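here are the coordinates; sequence isn't available:
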């Protein structure tokens, strides 16, 4: 099915696993001549894929010094810049696209090289919270200008649409009337739905079980998606949207002191912070509390305030991620080296022999306890559906495709976050590529089977306190 016909040019900046995986989807679902697509990337990796599809391939790194001279000649009014790069400032690219009247999408608000780990910056300054604040600060002057979709991959991105569908499912199953789903722009209406249902906590609960025919070696970081991206965000402070039901900040928790105040950060890396969570197939498990844009944007989007600006309702929101087992070993080794990257990196692709990515959202505290909604996609299904993808990458690439199509259909929306996009349209595009879409209720809480072997200090009056989720 052709979802969009695009008369302009498309420039893809970056061509790692996500770029290579999204290219066949773009060619399948967007009508655009191959001659109007250009790939600009910092390395030779992926040239064979570009040549397979007959796409122009330019090897040159975009830097703070040259990005304008590199990209501006390739773009004119009405074109599209699809940013899938690392170490290139998303905000700088969005500003350029607003100047050139060019559409834009990225999957994460990325800083310039070193921004994630710059020791000259405070943990707050190098947080996703701070990066998001810089991005959404462009909203006012971009109003009515070309659409710039920020942070729209699987997560952040697709999971925001899962949350809306999950809320509607819970409302239906609890007999809570929601006559017509509100438009995405009506933040207060969606927040009232979440509050009315009693949702206290939202986890992005993900378990990747993909395995390869060769194990991780010592001195090697192995992952099913970008190694650099995972290590970069894993070394940032752990961050979470901070709910109105929470009784006390963690001992190592801090507010930022600027911006929307929807989130806090912990004084430790996300890749060394674990939380309890649940998915239907895995059951209970420990996941890494890796910082992600959606932890902040969801908490902000679902905030209700009174006339004086006081917060009446906000859910706690954060990532709870168990990557593939080889990636867990890689993180353990990385931490032991004081967060110095291993000498070798390997992106698992053809060597994957089995497993799936179970990616969804877990909404907790409502009348039915906990509800997980999301995608179960196996490596076998992913390979049959789209070339150059594994189960993890396809959940990202199809969400990128959906965001690109939405931007083409809504070209004058200025700067837009995932939560502000029509969830039904995105899921319509993504659904054929997500394997089994599942909604499952559970009576699980983070208090389950606790204090069985050792005494623990728990808040049994409210199981949904962050202190009960955190692994200490």
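Everything's here; your move. Just so it is clear, the structure is predicted and the values come from calculations on it, not from any experiment.

got the contact list for residue 285?
Going by CB atoms under 8 Å, 6 or more residues apart in numbering, residue 285 touches 207, 276-279, 322. Heads up, the C-betas are built off the backbone N, CA and C, glycines and all.

Would you list the buried entries among those?
Buried members of the contacts of residue 285, counted by 16 or more other CB atoms under 10 Å: 207, 276-279, 322.

Which one of the residues you listed is nearest to residue 112?
In terms of CB to CB, no member of the buried ones among the contacts of residue 285 lies closer to residue 112 than residue 322, at 30.5 Å.

Can you report phi and psi for that closest one?
Per-residue torsions, residue 322: phi -110, psi 100 (degrees, to the nearest 10).

ok, which pair from the buried ones among the contacts of residue 285 is furthest apart?
For the buried ones among the contacts of residue 285, the maximum inter-member distance is 12.9 Å, found between 207 and 276 (CB to CB).

nearest spatial neighbour of residue 106, skipping sequence neighbours?
Spatially, and ignoring its direct neighbours in sequence, residue 106 is nearest to residue 83 (4.1 Å; CB to CB, 6 or more residues apart in numbering).

Correction: the previous question concerned residue 442.
residue 370 (4.6 Å).

What is the least confident helix or strand in this protein?
Sorting the helices and strands of the chain by mean pLDDT, DSSP states H and E puts helix 227-235 at the bottom, at a mean of 93.

Tell me the one of the buried ones among the contacts of residue 285 nearest residue 223?
Nearest to residue 223 among these, with distances taken as CB to CB, is residue 322, at 12.7 Å.

beta partners for the closest one?
Applying DSSP bridges to residue 322 yields these beta-bridge partners: residue 207.

Please tell me I have it right and it contacts residue 328.
Yes: look at residue 322 against residue 328 with CB atoms under 8 Å: they come within range, at 7.2 Å.

Heading C-terminal from the least confident helix or strand of the chain, find the next helix or strand.
Moving toward the C-terminus from helix 227-235, the next helix or strand (DSSP states H and E) is strand 237-241.

So which other helices or strands are in contact with that following strand?
Using 3 or more CB pairs under 8 Å, 6 or more residues apart in numbering; DSSP states H and E, the elements in contact with strand 237-241 are strand 263-269, helix 293-301, strand 316-322.

out of these, which comes closest to residue 241?
Between the helices and strands packed on strand 237-241, helix 293-301 lies closest to residue 241; by CB to CB that is 2.4 Å.

who does that closest one touch, helix- and strand-wise?
Looks like helix 293-301 contacts helix 128-136, helix 158-174, helix 187-197, strand 201-208, strand 237-241, strand 263-269, strand 316-322 (3+ CB pairs under 8 Å, 6+ apart).

what sits up against it?
Helix 293-301 is touched from outside by 108-109, 128-129, 131-132, 151, 155-157, 159-160, 163, 187, 190-191, 202, 204, 239-243, 260, 262-263, 314-319, 417-420, with contacts defined as CB under 8 Å, 6+ apart.

Tell me the buried residues within these.
Those of these that meet the buried threshold are 108-109, 128-129, 131-132, 151, 155-157, 159-160, 163, 187, 190-191, 202, 204, 239-243, 260, 262-263, 314-319, 417-420, by 16+ other CB under 10 Å.

List the buried residues for stretch 446-459?
So stretch 446-459, judged by 16+ other CB under 10 Å, has buried residues 446-447, 450.
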